[in-house]
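**Q** for reference, the sequence and a predicted model appear below.
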Amino acid sequence: MKQELEKRWVKGPDGVDFEVEPLRDYYCEAPPTVMPAAYSKIIEGLFNWARAESLWILGFGTGCGAIEMRPLMTPRFDAYRYGIQWRPTPRQSNLFVISGYLSVKTLKRVIRSYEQMPNPKYVVGLGSCTINGGMYFDSYNTITRLDEYLPVDVYITGCMPRPEALLAGFEELKRIIRAGKGEGANQYAERFDWYKANQKRVIHDWDMPDYNW
Amino acid sequence: MSFEWIKIPYALLTLFIVANYGFLLTAVMAKIAARVGRRHGIPVWQNYLDLIKNYGLRSSITHGVMFYLGPVFRLTGGVGLLMFVPTIYGSVMFSNMSFAGDLILALYFVFFGSLGMALGAGESGHPYSAIGVTRGLSQVTAAELPFALAVYAVAVQYQTLSVTEIVAAQQGGILNWTLFTNPIAVAAAMLSFLGSMMRPPFDVVLAPQEIPIGPPTEYHSSYLALMQTNRAIFPIAKIVIYMNLFFGGAASWPVFFLKVFLIYLVSVIVGVVFPRFRVEQSIRWFLIWAVPLGVIAIVIA
């Protein structure tokens, strides 16, 4: 446990002493719950259609694959045509593109960002590194299988996959969402203990609550 | 004056038309800006999809009471502004409550949304929100100054504070518009208009690449959807004020759509041509270029 995360007494600017417990005060510790779909099938269908056509990607490049997302924003491939936009904050995004290899240090940030995203949320694994480690298969500090740590909806293979492959992958994800199978967030909540155990197995300096948003 | 209940459906109808026009118009403007960059840009119906998706999100969290009220205040600013100005001049259906409020009230509503947003975003506790709010309030204040001066110049010119009477005085030919009878005030107001539209030279408040999205950093799901609705209504409501004060108002919906589109286009064209100002640059710009114009307009009037 880092020193700044420990419970301590702090003297405020107005001279009043108060107790600070960073893990309690700065995070919400309630574990994720399974959120039911809308009770009406028609409404859920409408929502799923809108979710599929409005994918907001969290602007978080974890590895070298992030470079393949830049051409998608610019004139040549222009993913905005397909309702794909980039958002700078996890609160507003519903798609997390794990772009390439994921070091253990980044995995920690990825988990925190993922948990902050609102419920129907999707994960796309970009590149071979997310499937089997790719060229980092024997590295001491990268993870090899992404779906042990987060529920993944679509994998896009390649090292690197071309932007066209990404677009094809997003179209596949849209089909999954429209079919009502994009329930990664609920899967994460259901198998929360398993995911947490896997995450804690590789992250040794675990200095955050089990669940934080 | 007795209250007529029929005004309520009329007001809702106005709101409905303006909101839908706003959604389509902002998407079209995004498309125009994308075409400048040789992209195709978002589909014109994208705003509706984003809205449905945001309402359809299952989880949402709160940071406190003001966090709830922020988007509500913001929407109130947009809707209130729209209700207290005559949307269609001379139409009983679409004049709404313009008899009850004057220009000062409208000016107040322009600012109301920003203040509500500042309170709500402040409670979210995110540092980027705080930075965005500081920048936003200082820039909006600087941008409001020339607009307020121009509005007073126009009020002095027509000797009234009622928006309806100002529109009435501009009827009967294009040369009766304030644009031609008082060009300096209009110039000051249009410079201020650029500052209030959140378009590139003055969009450091949101600054998507620099401080992630600014004040609404923590806003998501329904809160964000409310704010998106306001993003559609508020620019239109603001343009309606400009149209009424400076460009002769609109006597029918086609004229309304055309004038709002053209006035909106001014800020878009400026936006795609010029890069972003930092906040101190934009304040200096307003104080050096726009405020003196407003002062001259008042002095001449």
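**A** Sure thing, it's come through. Residues are numbered from 1 along each chain as shown, chains lettered A, B, ... in the order given.
**Q** ok, then the element right after the helix or strand of chain B with the lowest mean pLDDT?
**A** Confidence across the helices and strands of chain B bottoms out at helix B:103-124, with a mean of 82, counting by mean pLDDT, DSSP states H and E. Following the chain from helix B:103-124 toward its C-terminal end, the next helix or strand by DSSP states H and E is helix B:127-158.
**Q** list the contacts of the helix or strand just after that next one.
**A** Moving toward the C-terminus from helix B:127-158, the first helix or strand encountered (DSSP H and E) is helix B:163-169. If you take C-beta atoms under 8 Å, 6 or more residues apart in numbering or on different chains as the criterion, helix B:163-169 is touched by B:84-86, B:89, B:95, B:98-99, B:102-103, B:106, B:154-155, B:158, B:160, B:176, B:178, B:241, B:244-245, B:248-249. To be clear about C-beta, it is placed using only N, CA and C from the backbone, and glycine gets the same treatment.
**Q** of those residues, buried ones?
**A** When burial is judged by neighbour count using 16 or more other C-beta atoms under 10 Å in any protein chain shown, the buried members of those are B:84-86, B:89, B:95, B:98, B:102-103, B:106, B:154-155, B:158, B:160, B:178, B:241, B:244-245, B:248-249.
**Q** and the least confident helix or strand of chain B, what does it pack onto?
**A** helix B:65-83, helix B:127-158, helix B:163-169, helix B:221-246 (3 or more C-beta pairs under 8 Å, 6 or more residues apart in numbering or on different chains; DSSP states H and E).
**Q** so which bits of chain A are right by chain B?
**A** Neighbours of chain B within chain A, by C-beta under 8 Å from any C-beta of the partner chain: A:28, A:35-38, A:46-47, A:50-51, A:53-54, A:56, A:59, A:74-75, A:78, A:80-81, A:83, A:85, A:87-89, A:91-92, A:94, A:118-120, A:185, A:213.
**Q** put the buried members of the residues you listed into a ChimeraX selection.
**A** The following ChimeraX selection, which keeps only the buried ones among the residues of chain A next to chain B, applies the criterion 16+ other C-beta under 10 Å:
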select /A:37,47,50,51,53,54,56,59,78,80,83,85,87,88,89,91,92,94,118,119,120,185,213
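**Q** sitting in strands, which of the residues of chain A next to chain B do you find?
**A** Using DSSP state E, A:56, A:85, A:87 are the members of those that sit in strands.
**Q** mind putting the residues you listed into CSV with pLDDT?
**A** As requested, those are exported to CSV (pLDDT from 0 to 100):
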residue, pLDDT
A:56, 93
A:85, 89
A:87, 86
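**Q** could you dump the one helix or strand in chain A whose mean pLDDT sits lowest to PDB, C-alpha only?
**A** Of all regular secondary-structure elements in chain A, judged by mean pLDDT, DSSP H and E, the least confident is helix A:22-25 with a mean of 72. Once non-C-alpha atoms are left out, helix A:22-25 reads as follows in PDB (Å, rounded to 0.1, in the frame of the first residue of the first chain):
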ATOM      1  CA  PRO A  22      -8.400   7.800   0.400                       C
ATOM      2  CA  LEU A  23      -9.800   4.400  -0.700                       C
ATOM      3  CA  ARG A  24     -13.100   5.100   1.100                       C
ATOM      4  CA  ASP A  25     -13.400   8.800   0.300                       C
END
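**Q** list the buried residues for that helix?
**A** A:22-23.
**Q** and stretch A:198-213, by the same measure?
**A** Those buried within stretch A:198-213 under the rule 16+ other C-beta under 10 Å are A:198-199, A:202-203, A:208-209, A:211, A:213.
**Q** again with stretch A:51-67
**A** When neighbours are counted by 16+ other C-beta under 10 Å, the buried residues of stretch A:51-67 are found to be A:51-63, A:65-66.
**Q** find the closest residue to chain B in chain A.
**A** Of all residues in chain A, residue A:88 sits closest to chain B, with a separation of 3.1 Å (C-beta to the nearest C-beta).
**Q** what's the separation between that residue and residue B:224?
**A** The span separating residue A:88 from residue B:224 equals 13 Å under the rule C-beta to C-beta, to the nearest Å.
**Q** next: residue A:133.
**A** Using C-beta to C-beta, we find residue A:133 at a distance of 37 Å from residue B:224.
**Q** the more surrounded of these two?
**A** residue B:224 (25 against 18; other C-beta atoms under 10 Å in any protein chain shown).
**Q** who's in contact with that one?
**A** A:92, B:54, B:71, B:216.
**Q** what's the longest helix belonging to chain A in contact with?
**A** The single longest helix within chain A, with elements called by DSSP state H, is helix A:163-178. Where contact means C-beta under 8 Å, 6+ apart, the residues beyond helix A:163-178 that reach it are A:48-49, A:51-53, A:55, A:68-69, A:71-72, A:76-77, A:79, A:82, A:84, A:95, A:120, A:122, A:124, A:126, A:153-158, A:161, A:182.
**Q** just the buried members of those residues?
**A** Judged by neighbour count, with 16+ other C-beta under 10 Å as the criterion, the buried members of the contacts of helix A:163-178 are A:48-49, A:51-53, A:55, A:68-69, A:71-72, A:77, A:79, A:82, A:84, A:95, A:120, A:122, A:124, A:126, A:153-156, A:158, A:161, A:182.
**Q** which parts of chain A are helices?
**A** Using DSSP H, helices in chain A cover A:22-25, A:41-53, A:70-73, A:104-116, A:129-132, A:163-178, A:184-190, A:192-202.
**Q** in TSV: those, plus distance to residue B:280.
**A** Listed next are these as TSV, based on distance: least, C-beta to C-beta, whole Å:
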stretch	distance to residue B:280
helix A:22-25	35
helix A:41-53	40
helix A:70-73	29
helix A:104-116	32
helix A:129-132	44
helix A:163-178	39
helix A:184-190	42
helix A:192-202	44
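**Q** mean pLDDT for those helices: which is lowest?
**A** Averaging pLDDT over each of the helices of chain A singles out helix A:22-25 as the lowest, with a mean of 72.
**Q** got the contact list for the residue in the stretch 201-301 of chain B that chain A sits nearest to?
**A** Sorted by distance to chain A under C-beta to the nearest C-beta, the residues of the stretch 201-301 of chain B start with residue B:212, at 3.1 Å. Residues near residue B:212 by C-beta under 8 Å, 6+ apart: A:59, A:88-89, B:128.
**Q** got a markdown table for the residues you listed, with distance to residue B:149 too?
**A** What follows is those, written out as a markdown table (distance: C-beta to C-beta, whole Å):
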| residue | distance to residue B:149 |
| --- | --- |
| A:59 | 40 |
| A:88 | 36 |
| A:89 | 37 |
| B:128 | 33 |
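**Q** residue B:156 versus the spatially most central residue of chain A, what's the distance?
**A** If you average the C-alpha coordinates of chain A and look for the closest C-alpha using C-alpha atoms, centre = their mean, you land on residue A:114, 3.4 Å from that point. The spacing between residue A:114 and residue B:156, counted by C-beta to C-beta, is 59 Å.
**Q** likewise residue B:30?
**A** As defined by C-beta to C-beta, residue B:30 lies at a distance of 38 Å from residue B:156.
**Q** of the two, give the one with the bigger neighbour count.
**A** Neighbour totals were compared for residue B:30 and residue B:156, and residue B:30 leads with 19 against 15 (other C-beta under 10 Å).
**Q** by contact count, what packs against the stretch of helix or strand that one belongs to?
**A** When elements are assigned from DSSP H and E, residue B:30 belongs to helix B:7-36. Contact here means 3+ C-beta pairs under 8 Å, 6+ apart; on that basis helix B:7-36 packs against helix B:46-56, helix B:65-83, helix B:221-246, helix B:253-273.
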